[in-house]
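Colleague: Need coordinates for the following:
(one chain, ligands or ions: 2)
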Amino acid sequence: MAETLRTPLIVMGVSGSGKSTVGGALAEAFGAPFIDGDDLHPSANKRKMAEGIPLDDEDRAPWLELISLRIGAELADGTPIVVACSALRRRYREQLAAHAPETVFVHLAGEAELIAERQRGRVHEYMPASLLASQFDALEPLGEGERGIVIDVRRSPGEIVDDVRAALARFDAA
Ligand SMILES: Nc1ncnc2c1ncn2[C@@H]1O[C@H](COP(=O)(O)OP(=O)(O)O)[C@@H](O)[C@H]1O
Ligand SMILES: O=C(O)[C@H](O)[C@@H](O)[C@H](O)[C@H](O)COP(=O)(O)O
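Modeller: Ligands and ions are numbered 1, 2, ... in the order given. Got it, this is the predicted structure:
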């Protein structure tokens with residue numbers, strides 16, 4: 001029987017850090033719905049990234065709002081969901097959690113070299129590996145007062161699920 005998730009989870013980090021993989025594994029472990037933020041980008045954003053141009057705050061704002069509303073709506077229906085979303089800056093995370101302040105962020109953190117190697121080993125609909133440096137430039141790690149945990153990307157997806165499960169007890173989130 002899956003352990004029940006009590007609060008939404010957002011798996012965050014730069015491109016290639018494992019958000020989709022780990023988000024899917026967490027959703028399965030908790031028997032929760034999973035939403036991949038990648039799928040919710042407007043097509044203009046996807047085109048921009050495919051051309052090798054990093055998104056800016058203005059590009060990301062409507063996309064973050066969409067995800068935020070979805071998290072809030074599902075929670076209002078009694079369903080905490082698992083979301084994969086880069087959530088690179090603190091203000092993005094504030095916007096994402098606006099309708100569900102109990103949301104817990106799981107930051108998949110690691111060295112650029114390892115993440116670049118993983119990016120090279122996968123096929124992505126629109127994201128070029130050349131944008132990884134800009135993702136690290138934009139990244140603001142979890143800070144004071146944020147509800148989140150940091151996990152090393154060198155752990156396996158299964159180990160990460162165990163780490164998250166243990167950590168969530170601290171937040172009374174599972
Ligand atoms: N913890 C992990 N250990 C080893 N490989 C991983 C791990 N997480 C993800 N991967 C692999 O790394 C690549 C990038 O993962 P992905 O989930 O697409 O990242 P993101 O959604 O953050 O861009 C994929 O090929 C995936 O199979
Ligand atoms: O805010 C952004 O700049 C994008 O959301 C970006 O962070 C995200 O990484 C892409 O959507 C590619 O998707 P992957 O993260 O799955 O590579």
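Colleague: list the contacts for whichever residue of the chain sits closest to ligand 1?
Modeller: Nearest residue of the chain to ligand 1, counting by C-beta to the nearest ligand atom: residue 18, 2.8 Å away. (C-beta placed from N, C-alpha, C; glycine too.) Taking C-beta atoms under 8 Å, 6 or more residues apart in numbering, we find residue 18 in contact with 11, 108, 118, 153, 157, 160.
Colleague: for residue 139, same thing?
Modeller: By C-beta under 8 Å, 6+ apart, the residues touching residue 139 are 13, 14, 88, 89.
Colleague: Save those as TSV, and put in secondary structure, distance to residue 5 and neighbour count too.
Modeller: As requested, the contacts of residue 139 are exported to TSV (DSSP: H, G, I helix; E, B strand; the rest coil; distance: C-beta to C-beta, whole Å; neighbours: other C-beta atoms under 10 Å):
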residue	secondary structure	distance to residue 5	neighbour count
13	coil	20	26
14	coil	24	26
88	coil	24	22
89	coil	25	15
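Colleague: So which of those residues reach ligand 1?
Modeller: Judged by C-beta under 6 Å from any ligand atom, the overlap between these and the neighbourhood of ligand 1 comprises residue 13.
Colleague: Including distance to residue 129 and pLDDT, could the contacts of residue 139 go into CSV?
Modeller: Written out in CSV, the entries for the contacts of residue 139 read as follows (distance: C-beta to C-beta, whole Å; pLDDT from 0 to 100):
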residue, distance to residue 129, pLDDT
13, 15, 98
14, 11, 98
88, 17, 98
89, 21, 98
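Colleague: where does the protein dip in pLDDT?
Modeller: Per-residue confidence for the chain (pLDDT under 70) gives these ranges: 1-2.
Colleague: Show me where it has its helices.
Modeller: In chain order, the chain shows helices spanning 19-30, 43-50, 57-76, 90-96, 112-120, 132-138, 157-170, with DSSP state H as the criterion.
Colleague: Tell me which of the ones you listed approaches residue 82 most closely.
Modeller: When the helices of the chain are compared by C-beta to C-beta, helix 19-30 sits nearest residue 82, at 4.2 Å.
Colleague: Buried residues, that closest one. List them.
Modeller: 19, 20, 21, 22, 23, 24, 25, 26, 27, 29, 30 (16 or more other C-beta atoms under 10 Å).
Colleague: Look up how far residue 122 lies from the third one.
Modeller: Which is residue 21. To residue 122, residue 21 is 9 Å away according to C-beta to C-beta, to the nearest Å.
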